[in-house]
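1. I need the structure of the sequence given here:
(one chain, ligands or ions: 3)
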Amino acid sequence: MASRLGLFGLFLAVVLDVTAAVTFTVPQQAHTGTYKYAPLDPAPVGISFEFFAFPSYFTNVTATNQCLSNWKDLTGVWPPIRIGGTTQDRAQYDSATSAYVVYSVSNPADAPASLTFGSKFLTLAGSYAGSVVVGLNRGKNNIQNTISAAKIAVSEVKNLLAIELGNEPEYYSRNGQPIASGSWSPAIDAASQNNWDISVGSAVNKKPIIQAGNSNDSPPTWGAAELIATENSTVKQYVQTYAHHNYPGGTVTSLMSHKGISSNLHVFDADVAAALREGKPYVFGETNSVSGGGAAGVSPTFGAGLWTMDYVLRASYSNISRTYFHHGTVGNCQYCFWGRYSMGAPYYGAYAATALLAKASYLTALDDGTTNYAAYVSFGSDGKPLRALLYNSDYFSGSGTRSSQSFVLQGLTGTSLKAKRVTADSAMSRVDQGGVVTFGGQKFTDGDCKISGTEAVETLTVSNGQVTATIKASEALLVYFQ
Ligand SMILES: *[C@@H]1O[C@H](CO)[C@@H](O)[C@H](O)[C@H]1NC(C)=O
Ligand SMILES: *[C@@H]1O[C@H](CO)[C@@H](O)[C@H](O)[C@H]1NC(C)=O
Ligand SMILES: *[C@@H]1O[C@H](CO)[C@@H](O)[C@H](O)[C@H]1NC(C)=O
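-> Ligands and ions are numbered 1, 2, ... in the order given. As a prediction, this is how the structure comes out:
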């Protein structure tokens, strides 16, 4: 009889796809218990715009302003932006042009092989109300031109946070950049960066002003710790931040896996620690799902949206102050959060992460990053918990049965909690192909990024200080404690 019951239980478990609940205790005060707490930037979720495409995004893509202001509505501050990328090292400043940018391409889907930009480009950057990082050219080895541009950046960009001197220098040799025409290595690049930091920084008479590093290869090689070891105190005075780029790549399943995200971020631990030892922030200056504009079958999916959400939260938890998600050629950008005509599913993930972090001072992760199930808690400046975000990163392709996972939160007070779900039909849902992705039942309208639809708020009952939330495979839930 016992064995028949056991078999029956097993049968039920298979049919209902019941798995054991994962249980987390919510600290009622930041900096208590055995958890690690990361101090938060006021707006950790940022956007990077490819250098040549930046004016188009701000003058000719209606959704841009609204998509950014939706986050400001949550956090109270405009999200940080960075202007740069491969075309920053193809761009030269032209004091004579009245245009933002001047270039020609044979196909509008292409990025230009060379371009010039005028002071109007920097005036436009200065019209943005959030913090701005401007990436300038080092590859062409024309420091006078870069200094001229840096002076305009300092005078025109009122919220200028930092200037980058070169983008992904490890590829300079391969790309035929003049500065690497002799030999090129991490040590030669570091010496070059250090000299440029001092020359440009002293020419604009500002310290700290440089966002240093900006490489993409996985550290330790080309990383912040390696660079810092070459810097003397004169160079360090000019460095505002250390930045690295990151494009994890992979399939939708591997990309969105919480375990995968957590281990990807551990690659940066030593570099983050090295920057923090200098008392400087460490940021992802340029990042997104898959390099080269994204992968068509991966980057536009809801699974990539869930990656975006979990990735920026894990990065923030790992003391990476800001994460700038890259946006490339308008109309040819698989990972973009928005375009002229359509929203991208990743915007929803970034929105949910911003909603968790809004007006928070600290973030902790309740999980250790070794399973597919994540739980984060944000805290206000008074140390009281604000919200939790629970993520079930099991992959659901859209066919077969969708499993679910119970998350139990313990240590709670009160009688009920409100929650908003981040969901779609499957991890493969794409907004640009008619898929429906929602946050709290609401959508962002194609073309203008306005929030639409009726808000759907769920109620979770607290009993004996705990709640149980059921989260389907490839779904997340934002729980409000206040
Ligand atoms: C604005 O976008 C349209 C495509 O919708 C394009 O034809 C036009 O050239 C763009 N204008 C500028 C100034 O970039
Ligand atoms: C610091 O390093 C720079 C090159 O990176 C060099 O030009 C400068 O002389 C050094 N300063 C001191 C005080 O050693
Ligand atoms: C992040 O930095 C804080 C100190 O500001 C530290 O207590 C915490 O352990 C760090 N987090 C991680 C994951 O190392």
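2. separation between residue 379 and residue 250?
-> Going from residue 379 to residue 250 by C-beta to C-beta, to the nearest Å gives 32 Å. C-betas here are computed from N, CA, C, even on glycine.
3. residues touching the closest residue in space to residue 236 that isn't next to it in sequence, list them.
-> Nearest residue to residue 236 in three dimensions, chain neighbours excluded: residue 278, at 6.5 Å (C-beta to C-beta, 6 or more residues apart in numbering). Applying C-beta atoms under 8 Å, 6 or more residues apart in numbering to residue 278 gives the contacts 228, 236, 239, 242.
4. Can you tell me which of those residues end up in helices?
-> Those of the contacts of residue 278 mapping onto helices are 228, 236, per DSSP state H.
5. how about the contacts of residue 278 in a markdown table, adding distance to ligand 1, neighbour count and pLDDT?
-> Below are the contacts of residue 278 laid out as a markdown table (distance: C-beta to the nearest ligand atom, whole Å; neighbours: other C-beta atoms under 10 Å; pLDDT from 0 to 100):
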| residue | distance to ligand 1 | neighbour count | pLDDT |
| --- | --- | --- | --- |
| 228 | 40 | 21 | 99 |
| 236 | 40 | 18 | 98 |
| 239 | 35 | 26 | 99 |
| 242 | 34 | 26 | 99 |
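6. now the closest residue to ligand 1 within the stretch 351-482 of the chain: how far from residue 431?
-> Closest to ligand 1 within the stretch 351-482 of the chain is residue 447: 11.0 Å, counting by C-beta to the nearest ligand atom. Going from residue 447 to residue 431 by C-beta to C-beta gives 12 Å.
7. Just want the residue of the stretch 251-400 of the chain that's nearest ligand 1.
-> For the stretch 251-400 of the chain, C-beta to the nearest ligand atom, closest residue to ligand 1: residue 340, 5.6 Å.
8. who are the neighbours in contact with that residue?
-> Per C-beta under 8 Å, 6+ apart, neighbours of residue 340: 60-63, 330-331, 447.
9. still on that earlier bit, you'd agree the residue of the stretch 351-482 of the chain closest to ligand 1 is up against residue 63?
-> Yes. Shown here, residue 447 and residue 63 form a contact pair, counting by C-beta atoms under 8 Å, at 6.4 Å.
10. More neighbours: these two, which one.
-> Set residue 447 next to residue 63 and count neighbours by other C-beta atoms under 10 Å: residue 63 wins out with 25 against 16.
11. Might one say that that one is in contact with residue 344?
-> No. The pair residue 63 / residue 344 is not scored as a contact, 10.0 Å apart, by C-beta under 8 Å.
12. which residues are in contact with both of the two?
-> Among the neighbours of residue 63, those also in contact with residue 344 (C-beta under 8 Å, 6+ apart) are residue 338.
13. Get me the contact residues on the chain for ligand 2.
-> Within the chain, the positions near ligand 2 by C-beta under 6 Å from any ligand atom are 194-195, 232, 234-235.
14. pLDDT score assigned to residue 13?
-> What the model reports for residue 13 is a pLDDT of 45.
15. cool, residue 441 as well?
-> The confidence metric pLDDT takes the value 98 at residue 441.
16. show me what contacts the residue nearest to it when sequence neighbours are not counted?
-> Closest residue in space to residue 441, ignoring its immediate chain neighbours: residue 456 at 2.8 Å, by C-beta to C-beta, 6+ apart. Counting by C-beta under 8 Å, 6+ apart, residue 456 makes contact with 420-421, 438, 440-442.
17. quick one: which of these is most hemmed in?
-> residue 420 (23 neighbours).
18. from what I can see, that residue looks like it's in a helix, true?
-> No. Counting by DSSP: H, G, I helix; E, B strand; the rest coil, residue 420 is not part of a helix but strand.
19. And the strands in the stretch 101-250 of the chain, which stretches?
-> Using DSSP state E, counting those that start in this stretch, the strands of the stretch 101-250 of the chain run over residues 101-102, 115-117, 132-136, 160-165, 210-215, 239-246.
20. thinking again about what came up before, of all the contacts of residue 278, which two lie farthest apart?
-> 236 and 242 (10.7 Å; C-beta to C-beta).
21. on that earlier part again, from the contacts of residue 340, which would you call buried?
-> Burial by neighbour count, judged by 16 or more other C-beta atoms under 10 Å, picks out 61, 63, 330, 447 from the contacts of residue 340.
22. got the contact list for the first one?
-> Pointing back at residue 61 there. By C-beta under 8 Å, 6+ apart, the neighbours of residue 61 are 330, 338-340.
23. Kindly reformat those as a markdown table containing secondary structure, pLDDT and distance to ligand 3.
-> As requested, the contacts of residue 61 are arranged in a markdown table below (DSSP: H, G, I helix; E, B strand; the rest coil; pLDDT from 0 to 100; distance: C-beta to the nearest ligand atom, whole Å):
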| residue | secondary structure | pLDDT | distance to ligand 3 |
| --- | --- | --- | --- |
| 330 | coil | 97 | 36 |
| 338 | strand | 98 | 31 |
| 339 | coil | 98 | 35 |
| 340 | coil | 97 | 39 |
